[in-house]
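A.B. asks: Model the following, please.
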Amino acid sequence: MIAKPAACSCCGSPVPDAQRIDARLTLPDAALDLPEVARHEVGVGALLRVDGAGSFIRCLLPVRLTGGTELVFGTWLRIGDDDLERAHRVWEAPEYRDLELRGTMANAIKPWGAALLGAPATVVVRDPDEIPYVDDGDDEVLRRILGATWDRDDVLRRLAHPLPVPVRTPLDERWSVERGSGFSAGVAGGAHRFLAPGRTVHADLFADPLRRSPAEFLAALVNGAPAVPPEQQVTEDIAGEGVRHAFWTVAAPDGRTRYELYGFTVDRDGTAVGTVCMWDEPDDLAWALHVWRSVRRDDSAAGAASRPG
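C.D. replies: Here you go, the predicted structure:
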């Protein structure tokens, strides 16, 4: 019997097994604004000499996240020129397994940013088939990064590229929405935008200067919306805190069928989130409803997991 992958209870989409997530930084920060001719690979792609910036080795920075997930950053360590040559000499030799180098972290990785850049660190080889791992640091921030367990969503939301797990993403200090697995993230025109093949999500914030009731504010938000039959809309109370409403239609821009859901989640404090989901496959309505229902207002304090100080 072949086991089926786990599926989301809301929309039925497969839930990836993501006990380890890899995130790759392409260059040391010092090389980002330099011309390509200033960058020189030394042997393998994990060793780099940059004119005017120094020598670097690619390494792995493991970060423990809540939920049993490990995030491994492919980052860079700045090392001395002699150490670069030594690493080059042993890279394909049996001596590679004993390689240990000291240097300083060469990327300002979010959410730690500038506090991590330049931190002294040691890298060691844990597996001869992998590049070295950051194993220890004299810097307090780096020791905390290696030793603590970090809030998964707080760290992963900083990564804009598609991830194999859903991530709760803040829209402001209180409102948030779930960014699904496989979606890239960005901000366009002040609205959050998530993109995946055949699926798009826009989420935007609204405020009611008249401070009307949630029902009255919702009526104003949907005023002028296209009329749809009852089976293409739904309205739900939110535990006495507000109300949400969604309707869905079919559009045909450029002769191509596209499905669209427009949703609003309104709080009693006079703020709201508008959610637009667009998709290509007719069976994805459950996914769009899940995204709309994932919008929530959270006034609770941060949990016990570590957050950047």
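
A.B. asks: what about the nearest residue to Asp135 once chain neighbours are set aside, distance to Tyr262?
C.D. replies: Nearest non-adjacent residue to Asp135, counting by Cβ to Cβ, 6 or more residues apart in numbering: Val124, 4.5 Å away. Heads up, the C-betas are built off the backbone N, CA and C, glycines and all. According to Cβ to Cβ, to the nearest Å, Val124 and Tyr262 sit 53 Å apart.

A.B. asks: May I ask which helix or strand of the chain has the lowest mean pLDDT?
C.D. replies: In the chain, the helix or strand scored least confidently by mean pLDDT, DSSP states H and E is strand 133-137, which has a mean of 88.

A.B. asks: Mind giving me the packing neighbours of it?
C.D. replies: Other elements packing on strand 133-137 under the criterion 3 or more Cβ pairs under 8 Å, 6 or more residues apart in numbering; DSSP states H and E are strand 54-65, strand 120-124, helix 140-147.

A.B. asks: Repeat the analysis, applying 10 Å as the threshold.
C.D. replies: On a contact count with 3 or more Cβ pairs under 10 Å, 6 or more residues apart in numbering; DSSP states H and E, strand 133-137 meets strand 54-65, strand 69-79, strand 100-105, strand 120-124, helix 140-147.

A.B. asks: Trp292: what secondary structure?
C.D. replies: At Trp292, secondary structure determined by DSSP: H, G, I helix; E, B strand; the rest coil is helix.

A.B. asks: so it touches Cys277, yeah?
C.D. replies: Yes. Counting by Cβ atoms under 10 Å, Trp292 touches Cys277, with 6.9 Å between them.

A.B. asks: what touches both of the two?
C.D. replies: Common neighbours of Trp292 and Cys277, using Cβ atoms under 10 Å, 6 or more residues apart in numbering, are Val201, Ala203, Ala246, Trp248, Leu261, Tyr262, Gly263.

A.B. asks: picking up where we left off before, mind checking pLDDT for the residue nearest to Asp135?
C.D. replies: Val124 is assigned 97 on the pLDDT scale.

A.B. asks: before we move on, back to that, the least confident helix or strand of the chain: which residues count as buried?
C.D. replies: Neighbour-count burial for strand 133-137 flags Tyr133, Val134, Asp135, Gly137 (criterion: 16 or more other Cβ atoms under 10 Å).

A.B. asks: where does it sit relative to the chain's centre, distance-wise?
C.D. replies: Using Cα atoms, centre = their mean, to the nearest Å, the distance from the centre of strand 133-137 to the centre of the chain it belongs to is 24 Å.

A.B. asks: Identify each of the helices in the chain and give its residue range.
C.D. replies: All helices of the chain, identified by DSSP state H, fall at 81-90, 140-147, 152-156, 214-221, 285-294.

A.B. asks: could I get those as JSON lines with distance to Ile238 and mean neighbour count?
C.D. replies: As requested, the helices of the chain are exported to JSON lines (distance: least, Cβ to Cβ, whole Å; neighbours: other Cβ atoms under 10 Å):
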{"stretch": "helix 81-90", "distance to Ile238": "57", "mean neighbour count": "15"}
{"stretch": "helix 140-147", "distance to Ile238": "37", "mean neighbour count": "16"}
{"stretch": "helix 152-156", "distance to Ile238": "21", "mean neighbour count": "22"}
{"stretch": "helix 214-221", "distance to Ile238": "8", "mean neighbour count": "17"}
{"stretch": "helix 285-294", "distance to Ile238": "10", "mean neighbour count": "20"}
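
A.B. asks: Take these and lay them out in CSV including mean pLDDT and distance to Asp22.
C.D. replies: Listed next are those as CSV, based on pLDDT from 0 to 100; distance: least, Cβ to Cβ, whole Å:
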stretch, mean pLDDT, distance to Asp22
helix 81-90, 97, 21
helix 140-147, 94, 16
helix 152-156, 95, 12
helix 214-221, 97, 41
helix 285-294, 98, 25
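
A.B. asks: Save those as CSV, and put in distance to Pro164 too.
C.D. replies: Shown next, in CSV, are the helices of the chain (distance: least, Cβ to Cβ, whole Å):
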stretch, distance to Pro164
helix 81-90, 31
helix 140-147, 22
helix 152-156, 10
helix 214-221, 34
helix 285-294, 16
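
A.B. asks: Around Leu205, how many other residues sit close by?
C.D. replies: Neighbour count of Leu205, defined by other Cβ atoms under 10 Å: 14.

A.B. asks: one step back: in strands, which of the shared contacts of Trp292 and Cys277 appear?
C.D. replies: Counting by DSSP state E, the part of these found in strands is Val201, Ala203, Ala246, Trp248, Leu261, Tyr262, Gly263.

A.B. asks: ok, and the most crowded of those?
C.D. replies: Most surrounded of those: other Cβ under 10 Å gives Val201, at 27 neighbours.

A.B. asks: residue contacts, the closest residue to that residue other than its chain neighbours?
C.D. replies: In this structure, Val201 finds its nearest non-sequential neighbour in Phe194, 4.2 Å apart by Cβ to Cβ, 6+ apart. Neighbour list for Phe194: 162, 167, 169, 177-180, 182-186, 200-203, 277, 291 [criterion: Cβ under 10 Å, 6+ apart].
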